[in-house]
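Colleague: quick one: sequence plus predicted model below, questions after.
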Protein chains: 2
Amino acid sequence: MNWGNILTIKDIARLAETSVATVSRVLNGDPKVAPSTREKVLAAVKENNYVLNVNSRTMRTKKSQKILVLIPTIVNSFYSKILQGIEARAEENGYDVLIAISNLEEAREQKYLDMLRTKQVDGVISLFSLLPVDDINQLASKYPFVQACEPLIGSHTSSVTVDNRQAIYDVTSEFIKNGHKRIAMISGDYYKYSELNRERGYRDALEDHQIPYDSSLIIKTFYRYHDGSNALKQLLTLKNPPTAVICVSDSLAIGAVNEVIAQGKTPGKDIAIIGFDNTSITSNFVPSISTIAQPRFDLGINAFDLLLEKLVSLDSQIKKVILPYEIIHRQSTKR
Amino acid sequence: MNWGNILTIKDIARLAETSVATVSRVLNGDPKVAPSTREKVLAAVKENNYVLNVNSRTMRTKKSQKILVLIPTIVNSFYSKILQGIEARAEENGYDVLIAISNLEEAREQKYLDMLRTKQVDGVISLFSLLPVDDINQLASKYPFVQACEPLIGSHTSSVTVDNRQAIYDVTSEFIKNGHKRIAMISGDYYKYSELNRERGYRDALEDHQIPYDSSLIIKTFYRYHDGSNALKQLLTLKNPPTAVICVSDSLAIGAVNEVIAQGKTPGKDIAIIGFDNTSITSNFVPSISTIAQPRFDLGINAFDLLLEKLVSLDSQIKKVILPYEIIHRQSTKR
DNA sequence: GTGAAAGCGCTAACAG
DNA sequence: CTGTTAGCGCTTTCAC
């Protein structure tokens, strides 16, 4: 490998005994360059391991051929496969992918989104936003911008998600059919889009099966393991405790399962527990955790494809893509 | 928020009734600008929500004020705190942090490291490298480059790590003092630096306590949960199976613990198991998993500080920083 | 097919 | 303290 001196297009022109314009043409695949000239240029490029200065090109063309993926946090392994999907398609289409972590801080999100205005990236895929929806809508009207997994409610942007409402509707209905009458939900108070849709699915299912909604059965908390434990503890103090618990994340489900065990009960047998996301730990936990799987790689694929449409034409139609999910039953829901 | 039209320094100069040079001075905090002029400029900047074109500045100064953090994969939540440490210091020092994932593919690593040559980033912190050490050394001699956690063996770069050898030496010695005579190790065959140092610590401890080394007690495998399970299964088929098992990652330890349980034995009581990294699942697993904690945030802090020294002067001294670790005993090592 | 030259938005002499 | 200007490395007319 040669991390050597940086040559400019001018140097290559001199070495290939031609002009910078021609070198630029070769570099950009312009067909109307004589084969012999092209070869000389390519030879000089190769021999000197020349790489063009992307900043200069960006400055001139106003296109960086880079996109930014904005993720809220890296702790959740949920994002890795999505990123792989995005990167796969990006690569196919000649885009580099940069990743930034907002850390759930609005100022950081702002800063990174400003990379659009300053032409450092051509588009953004946001996996979670803290900004007001009006700001996001305005941004999306001026720059290629799509949301994945957690679009802001009311946002006018292309987005790809799983059918959160239906997933929980199905799980709740299943529980009901299996005889459960007291079904609880441990939800969050952060990722509004998914949370509210999932809660909606839960309530719709109850309603459709004539089971009265009991607000003491729905707990809004954070997403850490012990939040799941605490929530379950609280649920078990009810005079009429639940026999099934739906959690909006695997971490909550794990916490809940731990608490069930701590109380000397058996997950699945005594209380059914299901999580969301199918993170790898769920199949390796003892007992294994039932969960709802999202097609993560496909979420990434679709996110990039939606962005590409915007990259090609900002006026292209806004699309809301909904992908299927899969309910996976493991020990924590088996009698 | 205003994602509005992009003005140039020239526009601001016109609006503030001054020259581009002066605007540039204000923007760069040059003290020799009349307060009144400065105010006019700042007012124009603010009113129009001006942001300067970073590409242009980079092109001119050859400094992007950005650094790249290269991580092998995002699945391991181990990296999140390190990133936070890096970002904290970077922000203090006026650097933006970009993240790229090599996915353990050499070509991708190459591509991202080329961002140094093309002046897209001023420096790189690498958390794992696949390239030959000679290439890395050469790169590091020409650009600010530091390694964290997993420096290549024989690399001539600044780096920050935990004392991997000593950590495992201590754990092994503890086990021996507690009466264990058959101590196994489940290691990997990828992250050479940490793996080899940890294996070294293991062997040194055995030697110092006059316990013969038995090669059937050390298994090299991958890092998935089930690799830990399989390794433990194999160990338990030995005529003289181990009573304590040291794993080089928490995922392996969890897999091992699962296998112990699957065989009807009790982790801690029947077989002691310890992992490495203190990822958050370890304290939330049942049984809780003993592990060795690395000061992740500090690893990040130190990584950036080392990079900054190189950023300031490429000729600055190369430093190998070693940080302390902490052995955390939980149920999986308690009798 | 090819080259000369303008210019992207900025910074840094340099001159005043 | 301030303005003029050259030029960073590239792409892109426009001529030839």
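Modeller: Sure thing, it's come through.

Colleague: can you tell me how far residue A:237 sits from chain B?
Modeller: Distance from residue A:237 to chain B, counting by C-beta to the nearest C-beta, to the nearest Å: 21 Å. C-beta here means a position set from N, CA and C on the backbone, and glycine is covered the same way.

Colleague: report how many residues lie close to that residue.
Modeller: Other residues near residue A:237 come to 8 when the count uses other C-beta atoms under 10 Å in any protein chain shown.

Colleague: just the pLDDT for it.
Modeller: Reading off the confidence values, residue A:237 has pLDDT 97.

Colleague: give the bridge partners for the residue of the stretch 151-300 of chain A found nearest DNA strand D, please.
Modeller: At 26.4 Å from DNA strand D, residue A:158 is the closest residue in the stretch 151-300 of chain A, using C-beta to the nearest atom of the strand. Residue A:158 has the following beta-bridge partners by DSSP bridges: residue A:146.

Colleague: that one and DNA strand C, how far apart?
Modeller: 27 Å (C-beta to the nearest atom of the strand, to the nearest Å).

Colleague: OK, contacts around that residue?
Modeller: By C-beta atoms under 8 Å, 6 or more residues apart in numbering or on different chains, the residues touching residue A:158 are A:146, A:147, A:306, A:307, A:309, A:310, A:318, A:319, A:320, A:321.

Colleague: distance of the third one from residue A:238?
Modeller: If you measure residue A:306 against residue A:238 using C-beta to C-beta, to the nearest Å, the figure is 43 Å.

Colleague: next one, pLDDT for the residue in the stretch 201-335 of chain A positioned nearest to DNA strand C please.
Modeller: Nearest to DNA strand C in the stretch 201-335 of chain A, going by C-beta to the nearest atom of the strand, is residue A:314, at a distance of 18.0 Å. Residue A:314 carries a pLDDT score of 92 in this model.

Colleague: likewise for residue A:303?
Modeller: pLDDT at residue A:303 comes out at 98.

Colleague: where does the stretch 151-300 of chain A have low pLDDT?
Modeller: Regions of the stretch 151-300 of chain A meeting the criterion pLDDT under 70 are absent.

Colleague: quick check: residues of it near chain B?
Modeller: Applying C-beta under 8 Å from any C-beta of the partner chain, one finds that the stretch 151-300 of chain A approaches chain B through A:224, A:225, A:226, A:254, A:255, A:258, A:261, A:280, A:281, A:284, A:285, A:286.

Colleague: buried only: go through the residues you listed for me.
Modeller: Using 16 or more other C-beta atoms under 10 Å in any protein chain shown as the burial test, these include A:224, A:225, A:226, A:254, A:255, A:258, A:280, A:281, A:284, A:285, A:286 as buried.

Colleague: any chance of those in CSV, with secondary structure and distance to residue B:203 too?
Modeller: Below are these laid out as CSV (DSSP: H, G, I helix; E, B strand; the rest coil; distance: C-beta to C-beta, whole Å):
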residue, secondary structure, distance to residue B:203
A:224, coil, 38
A:225, helix, 36
A:226, helix, 38
A:254, helix, 36
A:255, helix, 39
A:258, helix, 37
A:280, helix, 31
A:281, helix, 31
A:284, coil, 30
A:285, coil, 33
A:286, coil, 32
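
Colleague: now, which of those residues sits nearest residue B:45?
Modeller: residue A:224 (41.9 Å; C-beta to C-beta).

Colleague: quickly note the distance from that closest one to residue B:281.
Modeller: 11 Å.

Colleague: ends of stretch A:174-183, what's the gap?
Modeller: Taking C-alpha to C-alpha, to the nearest Å as the measure, stretch A:174-183 stretches 11 Å from start to finish.

Colleague: what's the offset of it from the middle of its chain?
Modeller: Relative to the centre of its chain, stretch A:174-183 is centred 31 Å away, using C-alpha atoms, centre = their mean, to the nearest Å.

Colleague: what residues of it count as buried?
Modeller: Of all the residues in stretch A:174-183, those buried under the rule 16+ other C-beta under 10 Å are A:174, A:175, A:176, A:180, A:182, A:183.

Colleague: so what touches it?
Modeller: Outside stretch A:174-183, the residues that reach it (C-beta under 8 Å, 6+ apart) are A:172, A:202, A:205-206, A:209, A:211, A:214, A:217, A:240-246, A:272, A:327.

Colleague: secondary structure element for residue A:297?
Modeller: Element membership of residue A:297, judged by DSSP states H and E, is helix A:296-312.
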